[in-house]
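Trainee: this one's structure only:
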């Protein structure tokens, strides 16, 4: 893995901070710079030693960086990629960590056309759950985590290889796919579970929470995630979310039909098929 | 708490075994007997020291017991309550641990009418998650767990008090309510999350599992639960399950409408309401 003179992380929360800690631990950069919007977050990130140095000015932050990682909320990514490109040095590579990709990548590629020798490659490292904030950042957050790097027609092959190698160097398991494929896969595996968890938590009568046990706690855990962040994700992956909720709907309606008819074997079959799939998951307790 | 001469547990799996271990640790009975259907389970329970003695014959098992606990799968409970009552001594109290109550309690009360001085009180200790089997039994499983004890018009008040005190002695937090109320509450807090978790796991394309991270693992964890056991629960609490899935459906459809209209504030409001409820949960990591 090549070593960067300077890596700049724009937005240093759970993900940005964990990347900073991992880059430092693995000595993948001469210097790790954080770009902040609020002085208070800068202070917290420095206390947590997530970056070597923090600045509030994006121009100053990205100057001379070989790699720029935009790790801010989804909605702000296209604007910050553009802003970073404006001040980046020739040959710099910009990536992001946003949870939806088609919306971000198409915008970034369009906007970066006018900056020659500045390259964008979309990324989605999949780690973290309901916690947000640099206090929860950990140098091992990305170890063994899946990470999707987007491959498009217009992508610069060298930049793509460098970004894939970068995530691998942090311990992630990298897959390459198109932004649209990413959005479809991730809708099922991440956006749908979040939408559903929020909807269970929202639908349950408040007094019933007193009887909640571990199963309820597990199933709704991600409903503690940041609403603004998830509103962005849902809006920017409308198609994937809609497709996955339709498939989910068909599944539970099938079970409900069996329940209505007291079709015990039909229910068992549907539940057993689901269980078989869940039991294949390497992840989780 | 009164001490029983003999407590008999019919069906010694995760729950029955944990009750056995807890009763022994807290010395609430002179002897704890397990009633088994299979010799192999009997052997495993004895190895785990979940009961003092195991028998395969229900008549022999319940003889002279002051308290009989039916901890078998939901579907078999009414039959085993009736069978236990047939051989129980005068004054014996029978309870169960089934996850649905109206179906079980109405059947038990009807069937026990002809046995004078044998009392039934329905219980639902809420603990355990996706694991089954006596190997996972733990003496502290019921500590701090919610436990609902059903109060009906026909219930014997003294028996009700003894059963409530018994669960409290094991460390559970007891609530009294009617079987119908139980089924409504628990549909939201337990049956709905299970149905939904199974439906996510069932709907996700198998190849997408490779990208699953912690959020997916949490949300679908209970989809690893026993299909037969849950088919029974769904069928015997049809009304509660239907009611809760309707409320859940309204919630996600509201979010989907906001997504379709790019109504960012509408989505944030719905997610934030859900999050507020989830964050109230005392339980969980």
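Mentor: Here it is on my side, so go on. All values derive from a computational prediction rather than experimental measurement.
Trainee: correct me, but residue A:58 touches residue A:85?
Mentor: No - in this structure, residue A:58 is not within contact of residue A:85 by C-beta atoms under 8 Å, at 10.6 Å. (C-beta placed from N, C-alpha, C; glycine too.)
Trainee: okay, now the unreliable bits of the stretch 151-285 of chain A?
Mentor: Scanning the stretch 151-285 of chain A for pLDDT under 70 picks out A:282-285.
Trainee: please enumerate the helices of it.
Mentor: A:157-169, A:179-186, A:192-203, A:214-220, A:227-236, A:238-260, A:264-279 (DSSP state H, counting those that start in this stretch).
Trainee: those helices: which one's closest to residue B:153?
Mentor: helix A:238-260 (28.4 Å; C-beta to C-beta).
Trainee: buried stuff in the closest one?
Mentor: Using 16 or more other C-beta atoms under 10 Å in any protein chain shown as the test for burial, helix A:238-260 gives A:238, A:240-241, A:243-245, A:247-248, A:251-252, A:254-256, A:258-259.
Trainee: then stretch A:15-33?
Mentor: Buried residues in stretch A:15-33 (16+ other C-beta under 10 Å): A:15-24, A:28-29, A:31-33.
Trainee: domains of chain A?
Mentor: Per automatic domain parsing, the domain ranges recorded for chain A read A:4-177, A:182-279.
Trainee: could you dump those domains to a markdown table with distance to residue B:183?
Mentor: Formatted as a markdown table, these follow (distance: least, C-beta to C-beta, whole Å):
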| stretch | distance to residue B:183 |
| --- | --- |
| domain A:4-177 | 30 |
| domain A:182-279 | 12 |
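Trainee: filter the buried residues of stretch A:15-33 down to the ones in helices?
Mentor: Applying DSSP state H to those, the entries found in helices are A:15, A:16, A:17, A:18, A:19, A:20, A:21, A:22, A:23, A:24.
Trainee: just put those residues in CSV and tack on distance to residue B:40.
Mentor: Shown next, in CSV, are those (distance: C-beta to C-beta, whole Å):
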residue, distance to residue B:40
A:15, 49
A:16, 54
A:17, 51
A:18, 47
A:19, 51
A:20, 54
A:21, 50
A:22, 48
A:23, 54
A:24, 54
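Trainee: what sits up against stretch A:165-173?
Mentor: With contact meaning C-beta atoms under 8 Å, 6 or more residues apart in numbering or on different chains, stretch A:165-173 is reached by A:1-2, A:19, A:22-23, A:26, A:28, A:67, A:95, A:123, A:125, A:140, A:142-147, A:149, A:174.
Trainee: let's see which of those residues end up in strands.
Mentor: Residues of the contacts of stretch A:165-173 located in strands (DSSP state E): A:67, A:95, A:123, A:125, A:146, A:147, A:149, A:174.
Trainee: among these, which are in reach of chain B?
Mentor: Contacts with chain B within the ones in strands among the contacts of stretch A:165-173, as defined by C-beta under 8 Å from any C-beta of the partner chain: residue A:146.
Trainee: mark which of the ones in strands among the contacts of stretch A:165-173 are buried, thanks.
Mentor: The buried subset of these (16+ other C-beta under 10 Å) comprises A:67, A:95, A:123, A:125, A:146, A:147, A:149, A:174.
Trainee: which two of these have the greatest separation?
Mentor: A:67 and A:146 (20.7 Å).
Trainee: what's the spacing between the closest residue to residue A:76 other than its chain neighbours and residue B:104?
Mentor: Leaving out its chain neighbours, the residue that sits closest to residue A:76 by C-beta to C-beta, 6 or more residues apart in numbering or on different chains is residue A:11, at 7.7 Å. Using C-beta to C-beta, to the nearest Å, one obtains 54 Å as the distance from residue A:11 to residue B:104.
Trainee: which of the two has more neighbours?
Mentor: residue B:104 (26 against 23; other C-beta atoms under 10 Å in any protein chain shown).
Trainee: so what's the more buried one up against?
Mentor: Applying C-beta under 8 Å, 6+ apart to residue B:104 gives the contacts B:74, B:77, B:78, B:81, B:96, B:98, B:122, B:179, B:236.
Trainee: phi and psi next, for the closest residue to the fifth one other than its chain neighbours.
Mentor: To tie it back to what came earlier, the one meant is residue B:96. Spatial nearest neighbour of residue B:96, excluding adjacent residues (C-beta to C-beta, 6+ apart): residue B:70 at 4.2 Å. Backbone torsions for residue B:70, taken as degrees, to the nearest 10, come to phi -90, psi 110.
Trainee: residue B:70 against residue B:82, yeah?
Mentor: No - if you go by C-beta under 8 Å, residue B:70 and residue B:82 don't touch, sitting 10.0 Å apart.
Trainee: more crowded one of those two?
Mentor: residue B:70 (28 against 18).
Trainee: now do that one, the pLDDT please.
Mentor: What the model reports for residue B:70 is a pLDDT of 98.
Trainee: low-confidence regions, the stretch 1-150 of chain A specifically.
Mentor: A:129-130.
Trainee: OK, contacts around residue A:108?
Mentor: If you count contacts by C-beta under 8 Å, 6+ apart, then residue A:108 has A:77, A:78, A:81, A:82, A:94, A:96, A:120, A:122 around it.
Trainee: what would the residues you listed look like in JSON lines with distance to residue A:200?
Mentor: Conversion of the contacts of residue A:108 to JSON lines gives the following (distance: C-beta to C-beta, whole Å):
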{"residue": "A:77", "distance to residue A:200": "29"}
{"residue": "A:78", "distance to residue A:200": "32"}
{"residue": "A:81", "distance to residue A:200": "35"}
{"residue": "A:82", "distance to residue A:200": "38"}
{"residue": "A:94", "distance to residue A:200": "38"}
{"residue": "A:96", "distance to residue A:200": "30"}
{"residue": "A:120", "distance to residue A:200": "37"}
{"residue": "A:122", "distance to residue A:200": "31"}
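Trainee: farthest pair within the buried residues of stretch A:15-33?
Mentor: Spanning the widest gap among these are A:15 and A:31, at 19.5 Å by C-beta to C-beta.
Trainee: count of residues packed around residue A:91?
Mentor: 11.
Trainee: ok, it touching residue A:67?
Mentor: No - at 10.5 Å, residue A:91 and residue A:67 do not qualify as touching, with contact defined as C-beta under 8 Å.
Trainee: can you pick out the most distant pair from the contacts of residue A:108?
Mentor: Counting by C-beta to C-beta, the most remote pair of the contacts of residue A:108 is A:82 and A:122, 14.1 Å apart.
Trainee: about what we covered before: for the residue nearest to residue B:96, list the residues it contacts.
Mentor: Contacts of residue B:70 by C-beta under 8 Å, 6+ apart are B:10, B:11, B:77, B:80, B:81, B:84, B:94, B:95, B:96, B:97, B:98.
Trainee: looking at those residues, spot the one nearest chain A.
Mentor: Closest approach to chain A among these (C-beta to the nearest C-beta): residue B:97, at 13.1 Å.
Trainee: is any residue of stretch A:265-284 near chain B?
Mentor: Yes - Stretch A:265-284 reaches chain B (C-beta under 8 Å from any C-beta) through A:267-268, A:270-275, A:277-281, A:283-284.
Trainee: buried ones among the residues you listed?
Mentor: Neighbour-count burial (16+ other C-beta under 10 Å) applied to the residues of stretch A:265-284 next to chain B gives A:267, A:268, A:270, A:271, A:272, A:274, A:275, A:277, A:278, A:281, A:284.
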